[in-house]
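>>> Predicted model and sequence follow; I will ask about them next.
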Amino acid sequence: MEEQFKNINFGEVKLAAEYEQCEFKNCNFTGVDLSHAKFIECDFEACNFSQTKWIGTSIQSCEFVDCKMLGIDFSSLNTFLLNMNFQNCQLNLSSFYALKINQTKFVNCNLSEVDFVEADLTKADFSGSQLMGATFDQSILIEADFRTAENFSINPSKNRIRKAKFNSNNLIGLLDAFDLNIVQ
């Protein structure tokens, strides 16, 4: 990594316009306006992004690990070369509305009440993630991996799920929309 930032409260420090190959550890971005900033090949670990603004922000090949990202409107990001992955992150109440985020990894994340409406999540990986109340409508989930995901509800007639991967234990999440009484 080119530069490291540790334990910095960016609410008190002026942000640069562009960060390339940087590592951010235990940094606080709470309430910060990240609009139009560029993050290229950056790693974020244990950072708090609560109540941040991301209008036109560029996120290119960035990794988020153990980050708190509640209520983030990712749909306002700059979509040019958009590429990000998440591991052990809290993404509750966030929106990925209409984003094309193929092959994105959401590994062991809390995705409660997240908006994935009209998102292209082809080959996305939801391994070990909680999806209670997450909304999938007109979403593209082709070859997405839900084998170890929990508490999702996906209507197969309103989403494209061809070749998506599911475990026999979590197939009930595909039947919720049909209001069936399933006895085990």
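Done, it's in.
>>> doesn't residue 32 make contact with residue 15?
Yes - using Cβ atoms under 8 Å, residue 15 is in contact with residue 32, at 7.0 Å. (Each C-beta comes from the backbone N, C-alpha and C, glycine too.)
>>> residues in contact with residue 104?
83-86, 121, 124-125 (Cβ atoms under 8 Å, 6 or more residues apart in numbering).
>>> any idea which of these is closest to residue 46?
Residue 46 has its nearest neighbour among the contacts of residue 104 in residue 86, at 13.0 Å by Cβ to Cβ.
>>> What number of residues are in the vicinity of residue 14?
5 (other Cβ atoms under 10 Å).
>>> how would you label it: helix, strand or coil?
coil (DSSP: H, G, I helix; E, B strand; the rest coil).
>>> how far away is it from residue 23?
The spacing between residue 14 and residue 23, counted by Cβ to Cβ, to the nearest Å, is 19 Å.
>>> related to what we said a few turns ago, if you count what's nearby, which of residue 15 and residue 32 comes out ahead?
residue 32 (21 against 12).
>>> Quick check: the more buried one touching residue 8?
No - between residue 32 and residue 8 there is no contact under Cβ under 8 Å: 11.0 Å.
>>> Shouldn't residue 172 be within a helix?
Yes - counting by three-state DSSP, residue 172 is located in a helix.
>>> Overlap in contacts, residue 15 and residue 32.
Joint contacts of residue 15 and residue 32 (Cβ under 8 Å, 6+ apart) do not exist.
>>> Sketch out the low-pLDDT regions of this structure for me.
1, 180-184 (pLDDT under 70).
>>> need the strands for it, in chain order.
With strands called from DSSP state E, the chain shows them at 3-6, 18-20, 22-25, 38-40, 43-45, 58-60, 62-65, 84-87, 106-107.
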